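*Asks:* with the input below, show me the fold.
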Amino acid sequence: MYHAISKILVWLLYPLTLGLTLLVLAFWFRNRQNRKLFNGFFLAGLAILYLFSITPMQKLFVAPLSTATPTNLHDLKTDAIVVLGGSPSRSLTAIRLLKRNVAPVVIVSGGSGELLKEPQKESQRMKDFFVEFGADEGDVLVEAESRNTRENAVNSMEILDSLGAERIALVTSGLHILRAEAVFSKLGYDVVPVRARLFRIPKKREKIDPFILIPNVENLSISTQAIYEYVAILIYKLRGWI
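*Replies:* You can find the predicted model right below:
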């Protein structure tokens, strides 16, 4: 129940949801000939959709979520690699670490974060992906019941403890790594964060490009992901998970 409620509440805070809701309300008031409320809701809806779709706002939201990654992964040694379910780039990054002998074993963690269960667990698909790319099947362990980052950590804990693992390389996407690292660290692990996808933050002196003020779907998508992370971090702090 908590999982479903949290998904719905976060969805209501997404820029696209808020923007479209305000536009719908605007036209509802227009039909009732309330010009003042129509103008207010219409401009507010457009402003939200525009601001969260331009590069400066996207960068503003992404920057605080960026954390450092070890500069020399060739020399990195850990007891285990933990890769959280999600984009294929996470699996590819974990495969690269495994082939560089960063750790002797990799744990793929993820059931289904969707409200409707999938016929096959995400982590099982990830394991098949690892084996297809040359990983030894015995080196890939599966945690298939988690639905969120907290459950990723708690459910992986049993496997990690059975291995005697204390230092782990944690692989997830760039926006997610801050929260994921905090959750695993809270459980007592020495976490080395490895980002599977990097979001570039322009340098302060970088030449300004006027096209950054033109809205695009990618910026809206990244801004939405960032908002999700901020809300999730707040919830996790309130629940004592980080």
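*Asks:* can we go C-alpha only for contacts and neighbour counts from here?
*Replies:* Will do.
*Asks:* let me know the pLDDT of the residue at the greatest distance from the centre of the chain.
*Replies:* Largest separation from the mean C-alpha position in the chain: residue 33, at 43.1 Å (CA atoms, centre = their mean). In this model, residue 33 is scored at 83, pLDDT.
*Asks:* dihedrals phi and psi, it?
*Replies:* Backbone torsions of residue 33, given as degrees, to the nearest 10, read phi 60, psi 40.
*Asks:* please report the distance of it from residue 25.
*Replies:* 12 Å (CA to CA, to the nearest Å).
*Asks:* what does residue 230 give?
*Replies:* Counting by CA to CA - residue 230 and residue 25 are separated by 27 Å.
*Asks:* any idea which element residue 208 lies in?
*Replies:* Using DSSP states H and E, residue 208 is not contained in any helix or strand.
*Asks:* and it, how many neighbours?
*Replies:* Using other CA atoms under 10 Å, residue 208 is surrounded by 9 other residues.
*Asks:* list the contacts of the closest residue to residue 56 other than its chain neighbours.
*Replies:* Computed as CA to CA, 6 or more residues apart in numbering, the closest residue to residue 56 that is not its neighbour in sequence is residue 212, at 6.9 Å. Applying CA atoms under 8 Å, 6 or more residues apart in numbering, we find residue 212 in contact with 54, 55, 56.
*Asks:* same question for residue 102.
*Replies:* 73, 74, 75, 76, 77, 78, 80, 81.
*Asks:* rerun that using 6 Å as the cut-off
*Replies:* When contacts are counted by CA atoms under 6 Å, 6 or more residues apart in numbering, residue 102 touches 76, 77, 78.
*Asks:* backbone dihedrals for the first one, both of them.
*Replies:* Geometry field for residue 76 lists phi and psi as phi -80, psi 130, criterion degrees, to the nearest 10.
*Asks:* surely residue 194 is within a helix?
*Replies:* No: secondary structure of residue 194 (DSSP: H, G, I helix; E, B strand; the rest coil): strand, not part of a helix.
*Asks:* is it true that it touches residue 171?
*Replies:* Yes: look at residue 194 against residue 171 with CA atoms under 6 Å: they come within range, at 4.9 Å.
*Asks:* give me the more crowded residue out of these two.
*Replies:* For residue 194 and residue 171, the more surrounded residue by other CA under 10 Å is residue 171, and the numbers stand at 29 against 26.
*Asks:* that one: what secondary structure?
*Replies:* What three-state DSSP gives for residue 171 is strand.
*Asks:* and it, what does it touch?
*Replies:* Taking CA under 6 Å, 6+ apart as the test, what residue 171 contacts is 83, 194, 195.
*Asks:* just the strands in the chain please.
*Replies:* 80-84, 106-109, 140-143, 167-172, 190-195 (DSSP state E).
*Asks:* so which of the ones you listed comes closest to residue 234?
*Replies:* Nearest of the strands of the chain to residue 234, taken as CA to CA: strand 167-172 at 19.3 Å.
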